[in-house]
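Asker: one predicted model, sequence on top.
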Amino acid sequence: MPIFYYYPYGETLMSEISPEELGERLQTDENGLLVVHIRHRDEFDDWHVPGSVNVDVYDELASDPDEAKDALSHLPEEKEIVTVCGAGIAAETATEALQEMDYNAATLEDGMNGWSRVHRHAPVAADLDGMLVQIARPGKGCLSHVLVSDGEAAVFDPSHYLEEYEAILDEYDAELVGVFDTHAHADHVSGGTELADRHGVPYYLHPKDALAIGATPIEDGQTVAVGSLDIEVIHTPGHSEGSVSFDIEGVSLITGDTLFHESVGRVELGVEAGIEDSNVEQNAATLYESLQRLQDRADDTLVLPAHDPGSPEPPVTTTLSEVRERNEDLGRDREEFIQELASDIPDHPPNFERVKRTNVGQESVPADELAELELGPNNCAAE
């Protein structure tokens, strides 16, 4: 249930709901719950809790909350309302106004900042001698994975919320033997080095992306064992120079930001962050060749990317044959592919330059600034 407390500006009883509880409620009680963003329309369009609505009264709440009541009064009275803004401050005022109108309302604690830290996990139905668990971060569209076999475990593309991965290791009573990043991410700060240091195990990252960071290098064709399972490294540059994919026993293919289910990785982020000497056209051509290599895998191989453009509910999986049918980029010839990726540049992930530099080891961000640095949509797909 929401946490109740007295609002300091008056005697009105206010309430908060934690991001974790909201995530659970959206899975089990979405019909009785309505999430209302009071942010500006463009901010809502860029990034919001799935299934929510937008009532743009941000300016009114700042100047005179009573002016917002007319727009808020059109919300359904039978619903429990959860108000949302960027950090939860303005939404508190909206909740107060709603409660004054006898609505059952609460504020999302820490707003979209809080929603960004929610994680969910579920097993992947893969025919492996072990267990593959997918961790989704719906507020960022991020996907990471934990592989468990014979009491050993490996973590792929972890966020910096390490307690999520520690809990899975405990759940499966597995000893961590390695942490892998498919590339130096541009939308979130990796927890890979910290998790590896905590357990005294290697942190694997391709040298092209480990520019100033202590990582165990991996190269194309290399095999790393986790329990009884072999992980094959496939160098698939293009999205970044050090992008790799991981083939687990020919059954599951962890593709990072090289290949998504309905798109491919964008090719200009490393160039614009000032950490790559190539240009966008060269990266697009390189990515085209990398994708050809991945398409040589078996049709029933499960494709497990590092992002989903929506608000992913794990497990997010599909087969390589289905990706070929759904993904228009894989049907383009080389010249069309290069032209499309080099000319159609979508909005960048927020703060991508600092995030990218942090993940290659060129910048250090204090722990208390990480959440704000990552705030916003991932925008790592080319389309």
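Answerer: Right, received. Where do you want to start?
Asker: where do the strands of the stretch 151-300 of the chain begin and end?
Answerer: 152-156, 175-180, 203-204, 223-226, 229-235, 244-248, 252-256 (DSSP state E, counting those that start in this stretch).
Asker: for the ones you listed, give me TSV that also has distance to E322, mean pLDDT and mean neighbour count.
Answerer: In this view, the C-beta of every residue, glycine as well, is placed from N, C-alpha and C. As requested, the strands of the stretch 151-300 of the chain are exported to TSV (distance: least, Cβ to Cβ, whole Å; pLDDT from 0 to 100; neighbours: other Cβ atoms under 10 Å):
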stretch	distance to E322	mean pLDDT	mean neighbour count
strand 152-156	21	98	25
strand 175-180	25	98	22
strand 203-204	29	98	23
strand 223-226	26	98	16
strand 229-235	20	98	19
strand 244-248	17	98	24
strand 252-256	13	98	26
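Asker: where in the stretch 201-350 of the chain is pLDDT low?
Answerer: Residues of the stretch 201-350 of the chain meeting the criterion pLDDT under 70: 344, 346.
Asker: might one say that E96 is in contact with D66?
Answerer: No - counting by Cβ atoms under 8 Å, E96 does not reach D66; the two are 10.9 Å apart.
Asker: and these two? Which one has more around it.
Answerer: With neighbours defined as other Cβ atoms under 10 Å, E96 and D66 compare such that E96 has more, 20 against 11.
Asker: so the more buried one is in which element?
Answerer: helix 89-100 (DSSP states H and E).
Asker: how about the CA coordinates for that helix, as CSV?
Answerer: Output of helix 89-100 as CSV, limited to C-alpha atoms (Å, rounded to 0.1, in the frame of the first residue of the first chain):
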residue,chain,number,x,y,z
ILE,A,89,8.1,17.3,-6.6
ALA,A,90,5.5,18.8,-8.8
ALA,A,91,3.5,15.6,-8.7
GLU,A,92,3.1,16.0,-5.0
THR,A,93,1.2,19.3,-5.6
ALA,A,94,-1.0,17.5,-8.1
THR,A,95,-1.8,14.8,-5.6
GLU,A,96,-2.7,17.4,-3.0
ALA,A,97,-5.1,19.1,-5.5
LEU,A,98,-6.7,15.7,-6.4
GLN,A,99,-7.2,14.8,-2.8
GLU,A,100,-8.8,18.2,-2.2
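Asker: just the buried residues of that helix, please?
Answerer: Within helix 89-100, the residues scored as buried using 16 or more other Cβ atoms under 10 Å are 90-99.
Asker: just checking, what packs against that helix?
Answerer: strand 13-17, helix 58-63, helix 69-72, strand 80-84, strand 104-108 (3 or more Cβ pairs under 8 Å, 6 or more residues apart in numbering; DSSP states H and E).
Asker: show the average pLDDT along it.
Answerer: Averaged across helix 89-100, the pLDDT comes to 93.
Asker: ok, now which ones touch the most centrally placed residue in the chain?
Answerer: Central residue of the chain (Cα atoms, centre = their mean): C142, 1.9 Å from the mean position. Residues near C142 by Cβ atoms under 8 Å, 6 or more residues apart in numbering: 136, 157, 159, 187-188, 306-307, 378.
Asker: and of the helices and strands packed on helix 89-100, who's closest to V36?
Answerer: strand 80-84 (5.4 Å; Cβ to Cβ).
Asker: in the strand or helix carrying V148, what's buried?
Answerer: Secondary structure from DSSP H and E places V148 in strand 142-149. Using 16+ other Cβ under 10 Å as the test for burial, strand 142-149 gives 142-149.
Asker: give the rounded mean pLDDT of it.
Answerer: On average, strand 142-149 scores 97.
Asker: distance of D45 relative to H37?
Answerer: Using Cβ to Cβ, to the nearest Å, we find D45 at a distance of 10 Å from H37.
Asker: same thing with R198?
Answerer: 36 Å.
Asker: swap in A105?
Answerer: Taken as Cβ to Cβ, the span from A105 to H37 is 14 Å.
Asker: shared neighbours of these two, anything?
Answerer: In contact with both A105 and H37: T83, using Cβ under 8 Å, 6+ apart.
Asker: quick revisit: the more surrounded of R198 and H37?
Answerer: Neighbours per residue (other Cβ under 10 Å) separate R198 from H37, with H37 holding more: 27 against 14.
Asker: let me see the contact set for that one.
Answerer: Contacts of H37 by Cβ under 8 Å, 6+ apart are 43-44, 48-49, 52-55, 83-85.
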